[in-house]
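Participant: take this sequence and fold it.
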Amino acid sequence: MGKNCTLVIMAAGIGSRYGGGIKQLEPVGPDNEIIMDYSVFDAVEAGFNKVVFIIRHDIEKEFIERIGERISRNVNVKYVFQETSDIPESHRKIVRKKPWGTCHAVLSAKDEISEPFAVINADDYYGKQAYTELYNYLTSDREPLPDGKLDLCMAGFILKNTLSDNGAVTRGVCKVDDNGKLVGITETYNIRREDGKVLSGKQETSELDEDSRVSMNMWGCPPEFMEKLEEEFESFLCQNDESETAESLLPIMIDGLLKRGEAECKMLESHDRWFGVTYKEDKQAVADAIAELIRSGAYPEKLWKN
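Facilitator: Alright, predicted model coming up:
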């Protein structure tokens, strides 16, 4: 029997660029499967034995009907809610419409986490390799890092495998040392393929190496990470609790921990192609890619047996 390991899925996003609708619940498989079905299927296959969905109260009913019920028949499922009002009372100085970011999202799962866990986006298809790599790392017997450093890991994807044909994307471009440890992440905007090149930026463009490793917000953490996350989010609120737009983002928070020597992060390479639904037009491309994976034998036609 494998070791306990949890998959945390951030599904509370509004999906403003998607053009309306709940993009995380759009079917892409032949039996009305959504991207999260394939994520959970791959994670369970790799060894994960619990799933924590981070959602909003206003999508709870539809979410449970569209995915929660069938997933819960195949793996232990918990629900937590990310609400903008769910912050310490001393910081409730304004009414926010915009969520507080991915750090706040993961922190909302704190009471459900007592084992190593991985964090993913709900609307991203990551492929099988990344889940296997993360599970094996998170459940391996490793010597504790010195000075109480957090021992993190991240799935690193090849930039060219993560681009959209339907618009520019933002990616965290990774810098890695000779030991495969993440040194830093540079959030890079407006990345697109143009005239056979991969470019970023608008007014001032720069060319990127299409074989660069990028973060797709797929992290592996020990349970102690939650305590550090709580501290970091409190610091963020002290500076931003009157802002209507500031967000506390996992890659930026983890980048800070690395630079201050409070954590190390092993980059686990995945050569699978990433698919995501950033734009409305991406949905058909994802459905086509899933269909091809089914034809190749990677998935059964009907993902879940019941």
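Participant: list the buried residues for stretch 275-294?
Facilitator: 275-280, 282-283, 285-287, 290, 293-294 (16 or more other Cβ atoms under 10 Å). To be clear about C-beta, it is placed using only N, CA and C from the backbone, and glycine gets the same treatment.
Participant: doesn't Lys78 belong to a helix?
Facilitator: No - Lys78 sits outside any helix when classified using DSSP: H, G, I helix; E, B strand; the rest coil, being strand.
Participant: tally up the residues packed near it, please.
Facilitator: 16 (other Cβ atoms under 10 Å).
Participant: for it, give its distance to Phe117.
Facilitator: To Phe117, Lys78 is 11 Å away according to Cβ to Cβ, to the nearest Å.
Participant: quick revisit: quick check, nearest of the buried residues of stretch 275-294 to Lys175?
Facilitator: Gly276 (22.9 Å; Cβ to Cβ).
Participant: and the pLDDT for the closest one?
Facilitator: As predicted, Gly276 sits at a pLDDT of 82.
Participant: closest one of the buried residues of stretch 275-294 to Leu258?
Facilitator: Gly276 (25.0 Å).
Participant: surely that closest one touches Lys283?
Facilitator: No - counting by Cβ atoms under 8 Å, Gly276 does not reach Lys283; the two are 10.3 Å apart.
Participant: chain center to stretch 228-248, what's the gap?
Facilitator: Averaging C-alpha positions (Cα atoms, centre = their mean, to the nearest Å) puts stretch 228-248 20 Å from its chain's average.
Participant: in that stretch, what's buried?
Facilitator: Lys228, Leu229, Glu232, Phe233, Phe236, Leu237, Asn240, Asp241, Ala246, Glu247, Ser248.
Participant: next one: stretch 86-103
Facilitator: Going by 16+ other Cβ under 10 Å, stretch 86-103 has these buried residues: Ile87, His91, Arg96, Pro99, Trp100, Gly101, Thr102, Cys103.
Participant: repeat for stretch 139-151
Facilitator: Quick answer for stretch 139-151 (16+ other Cβ under 10 Å): Thr139, Leu150, Asp151.
Participant: so in terms of bridging, what pairs with the second one?
Facilitator: Assessed by DSSP bridges, Leu150 has beta-bridge partners Ala263.
Participant: relative to Met226, how far out is it?
Facilitator: Distance, Leu150 to Met226, by Cβ to Cβ: 11 Å.
Participant: and what of the first one?
Facilitator: As judged by Cβ to Cβ, Thr139 and Met226 stand 18 Å apart.
Participant: tell me the one of the buried residues of stretch 275-294 nearest Val169?
Facilitator: Closest to Val169, out of all of the buried residues of stretch 275-294 and judged by Cβ to Cβ, is Thr278, at 6.2 Å.
Participant: show me what contacts the nearest residue to the closest one once chain neighbours are set aside?
Facilitator: Spatial nearest neighbour of Thr278, chain neighbours left out: Ser164 (5.6 Å); criterion: Cβ to Cβ, 6 or more residues apart in numbering. For Ser164, the contact set (Cβ atoms under 8 Å, 6 or more residues apart in numbering) comprises Gly276, Thr278, Tyr279, Asp282, Ala285.
Participant: switch those over to a markdown table; also include secondary structure.
Facilitator: Formatted as a markdown table, the contacts of Ser164 follow (three-state DSSP):
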| residue | secondary structure |
| --- | --- |
| Gly276 | strand |
| Thr278 | coil |
| Tyr279 | coil |
| Asp282 | helix |
| Ala285 | helix |
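Participant: among those residues, which two are most distant?
Facilitator: Pairwise across those, and taking Cβ to Cβ, the largest span is found between Thr278 and Ala285, at 10.6 Å.
Participant: quickly list what's touching both of those two.
Facilitator: Ser164, Asn166.
Participant: the helices in the stretch 1-150 of the chain, which residues?
Facilitator: 35-46, 60-63, 69-72, 102-107, 128-138 (DSSP state H, counting those that start in this stretch).
Participant: go through the first one and flag the buried ones.
Facilitator: This points to helix 35-46. Applying 16+ other Cβ under 10 Å to helix 35-46 flags Ile35, Met36, Asp37, Tyr38, Ser39, Val40, Phe41, Asp42, Ala43, Val44, Ala46 as buried.
Participant: over to the second one?
Facilitator: Applying a neighbour-count criterion of 16+ other Cβ under 10 Å, one finds Phe63 buried in helix 60-63.
Participant: now Leu257: which helix or strand?
Facilitator: Assigned by DSSP states H and E, Leu257 falls within helix 250-259.
Participant: output that helix in PDB with nothing but the alpha carbons.
Facilitator: Extracted in PDB, the C-alpha atoms of helix 250-259 (Å, rounded to 0.1, in the frame of the first residue of the first chain):
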ATOM      1  CA  LEU A 250       2.500  30.900  -5.300                       C
ATOM      2  CA  PRO A 251       5.400  31.200  -7.800                       C
ATOM      3  CA  ILE A 252       6.300  34.600  -6.400                       C
ATOM      4  CA  MET A 253       6.000  33.500  -2.800                       C
ATOM      5  CA  ILE A 254       8.100  30.400  -3.400                       C
ATOM      6  CA  ASP A 255      10.700  32.400  -5.400                       C
ATOM      7  CA  GLY A 256      11.100  34.600  -2.300                       C
ATOM      8  CA  LEU A 257      11.600  31.600   0.000                       C
ATOM      9  CA  LEU A 258      14.300  30.300  -2.400                       C
ATOM     10  CA  LYS A 259      16.100  33.600  -2.500                       C
END
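Participant: fine, thanks again, bye for now.
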